[in-house]
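>>> Based on what follows, work out the 3D shape:
(2 chains)
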Amino acid sequence: MNNATFVTIFYIFAAITVFSAAFVVFSKNVIYSAFALLFTFFGAAALYVFLSADFIAVTQIVVYVGGILVLLLFGVMFTNSIMQADLKTDVLHVVPGTLLLVVTVGGLLFTFYTTGTWKPSEVQLQGSVVERIGIETMSRFVLPFEMASILLLAALIGAAFLARYDNVHNNEH
Amino acid sequence: MELLTNIGLNHYLTISALLFGFGLFAVMTRKNAIVILMGVELILNAANINFLAFSKFNGGMEGVMFSLFVIVLAAAEAAVGLAIVINIYKIFRSVDVSAIDTMKE
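Residues are numbered from 1 along each chain as shown, chains lettered A, B, ... in the order given. This is a model prediction of the structure:
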């Protein structure tokens, strides 16, 4: 793959990611937001492949698209009546929000592009990182790995407990 | 032109800054709690892109590992967040965060 193709594909995926993220935020319809979020996640996964983190890209698709997005869609359908027209949501604090958006993005970009230059390492990540992720998980990062597993267990038990069907509560009404 | 065709760290940082800004905008301005959760996901994705970009150009594995943990935490956050939103909907019959102004039923 020569450089021109590489650059073109990068910009296509960057555009998909950024514009669908903008659509998520500025769309009035919650369902449209959820489906635009799908394209944002896929675009971000493609960018991860450009950053030679192929395992993270696959995890992104499996966890975000297969898990979190489905969960969000379930949430949308639980909490809104699809048949009604009031699926649209209002916005509040538009002027402060826009101001915050412009100031944050402008400040970050100004800092990135004006203060000096980044000095990349001589040895950059190349090729696949799957094997190295396995080795790092079982050596240096074994404590965060175990902590993450305990946290996931606690969070999922908590979520199932919070969202369970409450028989007593329903009988009262 | 050299800046545009030579994909470097700044390109990834630009994308991640834009995603972060959009996520912040969603969290700040939207009334629907689910869209606020979507904004949080956008912010986490922006952080992930930053982690992976710095890891790529640094050559170390720390960023890759931490982006993996960020994805794990995002899954936990989405599950608990949606459970809370569904409970709020059960009690208030609405997920409009500006209408929910009491801590008791």
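>>> Tell me which residue is most central in chain A.
By CA atoms, centre = their mean, chain A has its centre lying nearest to residue A:41, at 5.6 Å.
>>> Which residue, other than its chain neighbours, is closest to it?
Closest residue in space to residue A:41, ignoring its immediate chain neighbours: residue A:64 at 4.5 Å, by CB to CB, 6 or more residues apart in numbering or on different chains. Every C-beta, even on glycine, is put in place using the N, C-alpha and C of the backbone.
>>> A strand includes that neighbour, no?
No - counting by DSSP: H, G, I helix; E, B strand; the rest coil, residue A:64 is not part of a strand but helix.
>>> Let me see the residues that make contact with the worst-scoring helix or strand of chain B on mean pLDDT.
Lowest on mean pLDDT, DSSP states H and E among the helices and strands of chain B sits helix B:2-5, with a mean of 71. With contact meaning CB atoms under 8 Å, 6 or more residues apart in numbering or on different chains, helix B:2-5 is reached by A:3-4, A:7, B:10.
>>> Downstream of that helix, the next helix or strand is which one?
Next helix or strand after helix B:2-5 toward the C-terminus (DSSP states H and E): helix B:9-29.
>>> Quick check: which ranges of chain B have low pLDDT?
Chain B contains residues with pLDDT under 70 at B:1-2, B:105.
>>> which residues in it form strands?
For chain B, applying DSSP state E gives no strands.
>>> for the longest helix along it, packing partners?
Looking across chain B with DSSP state H, the single longest helix is helix B:62-92. Packing partners of helix B:62-92 (3 or more CB pairs under 8 Å, 6 or more residues apart in numbering or on different chains; DSSP states H and E): helix A:54-59, helix A:69-79, helix A:130-138, helix A:142-162, helix B:33-58.
>>> Show me the contact partners of the fourth one.
Yep, that's helix A:142-162 we're talking about. Contact partners of helix A:142-162, identified using CB under 8 Å, 6+ apart, comprise A:137, B:65, B:69, B:72-73, B:75-77, B:79-80, B:82-84, B:86-87.
>>> ok, now the shortest one?
The set of residues that contact helix A:54-59 without belonging to it, under CB under 8 Å, 6+ apart, is A:45-46, A:48-49, A:128-130, A:133, B:48, B:52, B:64, B:67-68, B:71.
>>> from the residues you listed, which would you call buried?
Buried members of these, scored by 16 or more other CB atoms under 10 Å in any protein chain shown, are A:45-46, A:48, A:129, A:133, B:48, B:52, B:64, B:67-68, B:71.
>>> Just want the angle from the strand or helix carrying residue A:23 to helix B:9-29.
In this assignment (DSSP H and E), residue A:23 forms part of helix A:3-26. Counting by axes from the mean of the first three to the mean of the last three CA atoms, to 10 degrees, helix A:3-26 points 10 degrees away from the direction of helix B:9-29.
>>> Helix A:3-26 near chain B at all?
Yes - interface with chain B: helix A:3-26 contributes A:3-4, A:6-7, A:10, A:14, A:17-18, A:21-22, A:24-25 (CB under 8 Å from any CB of the partner chain).
>>> State the number of residues packed around residue 34.
Just going to use chain A. Neighbour count of residue A:34, defined by other CB atoms under 10 Å in any protein chain shown: 21.
>>> let's do chain B instead
Residues lying near residue B:34 (other CB under 10 Å) number 26.
>>> so it makes contact with residue A:78?
No - contact between residue B:34 and residue A:78 fails when scored by CB atoms under 8 Å: they sit 9.3 Å apart.
>>> can I assume residue A:140 sits in a helix?
No - read with three-state DSSP, residue A:140 is coil and lies in no helix.
>>> how about it, what does it touch?
residue B:65.
>>> how near is it to residue B:47?
21 Å (CB to CB, to the nearest Å).
>>> coming back round to it: restrict the contacts of helix B:2-5 to the buried ones and give me that as a ChimeraX selection.
Selection command for ChimeraX covering only the buried members of those, criterion 16+ other CB under 10 Å:
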select /B:10
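>>> May I ask which two of the contacts of helix B:2-5 are separated the most?
Greatest spatial distance among the contacts of helix B:2-5 (CB to CB): A:4 and B:10, at 19.4 Å.
>>> which element is residue A:125 on?
Taking DSSP H and E as the definition, residue A:125 sits outside all helices and strands.
>>> hang on, residue B:64 packs against residue A:128?
No - proximity of residue B:64 to residue A:128 does not meet the contact threshold set by CB under 8 Å, at 11.3 Å.
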